[in-house]
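**Student:** Model the structure of this input:
(chains A and B, ligands or ions: 2)
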Amino acid sequence: MFWGMKPDALLYPTPKGLYCAPGDFYVDPVHPVERALITHGHADHARSGHTAVMATRQTLDIMRIRYGEQFCVSEHVAELRQTTVINGVTVSFYPAGHVLGSAQIAIEKDGMRIVVSGDYKRRADPTCLPFEPVKCDVFITEATFGLPVFHHPDDRAEIGKLITSLKQFPERSHLVGAYALGKAQRVIALLREGGHDAPIYIHGALTKLCDYYETQGIALGDLRPATLTGKDKSMFAGAVIIGPPSAFADKWARRFIDPVSIFASGWMMVRQRAKQRGVELPIILSDHCDWPELLATISEIQPGEVWVTHGREEALVRWCALQGIAARPLHLVGYDDEGE
Amino acid sequence: MRAFAELLDRLVLTPQRNAKIKLLADYFRDTPDPDRGYALAAIAGTLSIAAVKPALLRDLTLERMDEVLFRYSYDYVGDLAETISLVWEAPADLEGEDPSLSSVLHRLNTTGKAQIRTLVRDLLDCLETSSRYAFLKLVTGGLRIGVSARLAKQALADFGGQDVSDIETLWHGIAPPYEELFAWLEGRTPKPALSMPAVFHTVMLATPVQEGDLDALEPKDFAAEWKWDGIRIQLANLGGVRRLYSRSGDDISGTFPDILDALDFEGVIDGELLVGGTARSNRMTRTFYDLQQRLNRKTVSPKMLEDYPAFIRAYDILFDGPEDVRSEGFIDRRARLSEKIEAADHTRFDLSPLVAFTSWEDLDRLRSEPPDPVIEGIMLKKLDSPYTPGRAKGPWFKWKRNPYNIDAVLMYAQRGHGKRSSYYSDFTFGVWTKDGPNEILVPVGKAYFGFTDAELQVLDKFVRNNTIERFGPVRSIRAQADFGFVVEVAFEGINRSSRHKSGVAMRFPRIARLREDKIPAEADRLDTLLAMISADEAATTE
Ligand SMILES: [Zn+2]
Ligand SMILES: [Zn+2]
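**Tutor:** Ligands and ions are numbered 1, 2, ... in the order given. Next comes the predicted model:
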């Protein structure tokens, strides 16, 4: 029910990102701005160079780890489920279940409430708080996996494939590509749950973030640097090594003998994707909603309108139309619809 | 079914041979009969299974799904079986069931046509995603996992600690689900006895000569033979049983009674099945087109036998009588073969002649200008090479004559599928001909491979910038004498065709090169193509 304000007057897409004119702030802007509200620490959502940044404590910490002390001029901690008023606009943060610190941002004025969910997922993740549905007039959703082909399987069964392979090929190292923030720690946590308590070797790009997760009470077990200290390459035989996908093309990856190449990502659902990347053991593990979860979330929240951001907008908009839910794509630029 | 599906998924993505063997051997160890035997059959290509039409599968999917959403999904994935396996929504209460591969096969093969729709829907409902994919690939005949029958046999050998050649010998005498084979490999029973002595033995294959392959080799270590354009066969006559096999081991004896009747020596030989007359009866060898009249027939009329007489041009010998001579060198086997063929029926058997040469340059020239149009190139065989099943690189090479080439002009383009769905990658090309007083382009073929990814981007960009009309997914491209895109098209052969407007049909055309340096006016004419056919025909009928 739209009384008073029209949603476009409260929030609209601009080349810099979603802009709230009455509050004079942006959400996840892709260029430096005066005032930015950030949903989570992934690089395409959280960029450095803004003047004032408001985000959860954990997202601010993660930005500091990634960009250094100077990542912004002034920080404002958003406490979950608390309201803050900015130029007459009320904002509040709710867990998004995507990665540690991730939040949805509810923006409200004159009875109109828009929720920017950022990136989110619905299934349990031992490394972050679960998504909390928030009633709203407009729900802004991502659509990274917004096609009916994406039905992400049970994550424990997926990690089970890695554990099986370790037994089947004990002489080979198991090199897992996983994004440095969120996915890597989730893989480690799931391996620990699955009973794998041997040391796990990590690429340098993961060290600070893994240390940070530990300070937040997420136990990751025995982690060691994946660098060759002695001459003995055999220490990696039968071991799990985790690095960011970008490191797979470097010299770093070539030091491991006869590695099984593994990639933990929601994209691994489609065989051609795995083949193109030369992945030998795909682990389907996503920090985004799959198709049924996107639909279930929209059905649960029952927003007056759905706006779709990055990813496969057309299918989700089509589904909404079939359900009689008003929906439109936002065509935002600057977000990674492939990163996972 | 799940274990089988997971095995397939792993095999497709596993590059290393040893790792594939390990995955297979572990599967054979952990899976009970008869499932492992059926899995083996599926991988080795010996499984018989009721086929399901893609249209039915699409129909079943659309019973539950919006057509537009299905199209988005199919465009993204690019493979029908995979798309359906992924988008299928099963009722929640059926999840967690895992029907065995053998029960799925049994149900498929015992269900009547009228019930097949219901059965396929039920199976799709109770299989999980990966199993659903395996099932769909099996029933649509699209299972391609990069594992040869040979590799599967090697895995069996490793699993049972036996020699792979023993498994090869047994192979064509046993059938799915191979329970007696597994019982022997697990040491529970003695080696199965061959029920039929004239069994098929895997043929020896050659690898193509590639850049630099011959540089380090001595011409004097090799024999050269013509490579004839017929079908490769194995002919066996042992213990009173006669069989003619295709090179993949299919029994084609029934189609060639003229050969079987003339077979008057014992043993197993390797050769080319051709139509026409033997060299020593002084009659010419006829084309592959003529041979095709004889293939795939259940019954053969006397007129067929007379109009298209078949004969064998012998290449090699595997068994001299009951004696296995495969471990002897090529030249020693050839002496045995020569003796056998000399005594055999002159109208049905001749010996493939050796080609004399002293240098690779010599041979290169002979290869490109062979003396008979039914020759498709040269075979090179190392003089001391034993007869080894499969395609090892080194002992035997094949060196084909160059494919045909023309310059043609792009006329139409269509989007590709799967990873190419965002590109215009299927092209129709044409050549010039006279239409009354005008020069026009007439389409002569279609090609959708041969180019690199970078070349595809160039082509795609040209198509987008020079579209003059669209009909559904097809774009018609600007093509005039002074403006358009010229490509060099390579193909393996050319025939007359009444089904094509141009009157010609190419075999295996591909885009060999982009000729951005040429304008369409410089492209070839239809006359050139017709002359290629006439030259072939003239050479054949004289
Ligand atoms: Zn993210
Ligand atoms: Zn994102």
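**Student:** Would you mind measuring from the residue lying closest to B:Phe265 once chain neighbours are set aside to B:Ala454?
**Tutor:** Spatial nearest neighbour of B:Phe265, excluding adjacent residues (C-beta to C-beta, 6 or more residues apart in numbering or on different chains): B:Lys340 at 5.1 Å. Placement of C-beta: from N, CA and C, glycine included. Per C-beta to C-beta, to the nearest Å, B:Lys340 is found 54 Å from B:Ala454.
**Student:** what about these two, which has more around it?
**Tutor:** Neighbour tally, B:Lys340 and B:Ala454, criterion other C-beta atoms under 10 Å in any protein chain shown: the higher count belongs to B:Lys340, 19 against 8.
**Student:** where does that one land on pLDDT?
**Tutor:** As predicted, B:Lys340 sits at a pLDDT of 95.
**Student:** Pretty sure B:Leu318 is one of the things it touches, is it not?
**Tutor:** No. Look at B:Lys340 against B:Leu318 with C-beta atoms under 8 Å: they stay out of range, at 11.8 Å.
**Student:** what's the overlap in contacts for those two?
**Tutor:** Residues touching both B:Lys340 and B:Leu318 (C-beta atoms under 8 Å, 6 or more residues apart in numbering or on different chains) are B:Gly267, B:Ile269.
**Student:** Tell me which residue of the stretch 1-150 of chain A lies closest to chain B.
**Tutor:** Per C-beta to the nearest C-beta, A:Val149 is where the stretch 1-150 of chain A lies closest to chain B, at 3.9 Å.
**Student:** Report how many residues lie close to the closest residue to that residue other than its chain neighbours.
**Tutor:** In space, and not counting its chain neighbours, A:Val149 is closest to B:Leu86: 3.9 Å by C-beta to C-beta, 6+ apart. Close neighbours of B:Leu86, defined as other C-beta under 10 Å, add up to 23.
**Student:** Tell me which helix or strand B:Leu86 sits in.
**Tutor:** Assessed by DSSP states H and E, B:Leu86 sits inside helix B:80-87.
**Student:** With B:Phe397 instead?
**Tutor:** Per DSSP H and E: strand B:396-400 holds B:Phe397.
**Student:** any idea which helix or strand comes after that strand?
**Tutor:** Per DSSP H and E, strand B:396-400 leads on to strand B:404-415 as the next helix or strand towards the C-terminus.
**Student:** How about that next one, which residues are buried there?
**Tutor:** B:Tyr404, B:Ile406, B:Asp407, B:Ala408, B:Val409, B:Leu410, B:Met411, B:Tyr412, B:Ala413, B:Gln414, B:Arg415 (16 or more other C-beta atoms under 10 Å in any protein chain shown).
**Student:** any idea how far the closest residue to the fifth one other than its chain neighbours is from B:Val431?
**Tutor:** By the measure of C-beta to C-beta, 6+ apart, the closest residue to B:Val409 outside its immediate chain neighbours is B:Pro520, 4.5 Å from it. From B:Pro520 across to B:Val431, the span is 10 Å (C-beta to C-beta).
**Student:** Need the overlap of contacts for those two.
**Tutor:** Residues touching both B:Pro520 and B:Val431 (C-beta under 8 Å, 6+ apart): B:Val409, B:Leu441.
**Student:** residue contacts, the closest residue to A:Cys320 other than its chain neighbours?
**Tutor:** Nearest residue to A:Cys320, sequence neighbours excluded (C-beta to C-beta, 6+ apart): A:Ala327, at 3.4 Å. Residues counted as contacts of A:Ala327 (C-beta under 8 Å, 6+ apart) are A:Glu305, A:Val306, A:Trp307, A:Val308, A:Leu316, A:Val317, A:Cys320, A:Ala321.
**Student:** Need the three-state assignment for A:Ala327.
**Tutor:** strand (DSSP: H, G, I helix; E, B strand; the rest coil).
**Student:** Could you pick out the residues of chain B near chain A for me?
**Tutor:** Contact residues (C-beta under 8 Å from any C-beta of the partner chain) of chain B with chain A: B:6, B:9-10, B:12-15, B:19, B:22-23, B:26, B:65-66, B:68-70, B:72-73, B:76-79, B:82-83, B:86-87, B:128-129, B:418-419.
**Student:** If any of those are buried, give me the ChimeraX selection for them.
**Tutor:** Of the residues of chain B next to chain A, the buried ones go into a single ChimeraX selection, burial set by 16+ other C-beta under 10 Å:
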select /B:6,9,10,12,13,14,19,22,23,26,65,69,70,72,73,76,77,78,79,82,83,86,87,128,129,419
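**Student:** Up against chain B, what does the stretch 201-340 of chain A have?
**Tutor:** A:269-272, A:274-276, A:278-282, A:312, A:314-315, A:318-319, A:322.
**Student:** Backbone dihedrals for the nearest residue to B:Pro91 once chain neighbours are set aside, both of them.
**Tutor:** Excluding the flanking residues, the one nearest B:Pro91 by C-beta to C-beta, 6+ apart is B:Asp125, at 6.2 Å. In terms of degrees, to the nearest 10, the main-chain angles of B:Asp125 are phi -70, psi -40.
**Student:** Tell me the confidence at B:Asp125?
**Tutor:** Looking at B:Asp125, its pLDDT reads 93.
**Student:** so it touches B:Glu89, yeah?
**Tutor:** No. The criterion here is C-beta under 8 Å, and B:Asp125 misses it with B:Glu89 at 9.2 Å.
**Student:** before we move on, back to that, which two in the buried residues of strand B:404-415 are spaced the farthest apart?
**Tutor:** B:Tyr404 and B:Arg415 (28.0 Å; C-beta to C-beta).
**Student:** where's the one residue in the stretch 101-250 of chain A that gets nearest to ligand 1 relative to A:Thr141, distance?
**Tutor:** Distances from the stretch 101-250 of chain A to ligand 1, computed as C-beta to the ion, single out A:Asp119 as the nearest residue at 3.6 Å. Distance from A:Asp119 to A:Thr141, counting by C-beta to C-beta: 10 Å.
**Student:** burial count for B:Ser534?
**Tutor:** Using other C-beta under 10 Å, B:Ser534 has 11 neighbouring residues.
**Student:** On the three-state scheme, it is what?
**Tutor:** With three-state DSSP as the criterion, B:Ser534 reads helix.
**Student:** quick one: it and chain A, what's the gap?
**Tutor:** According to C-beta to the nearest C-beta, to the nearest Å, B:Ser534 stands 44 Å off from chain A.
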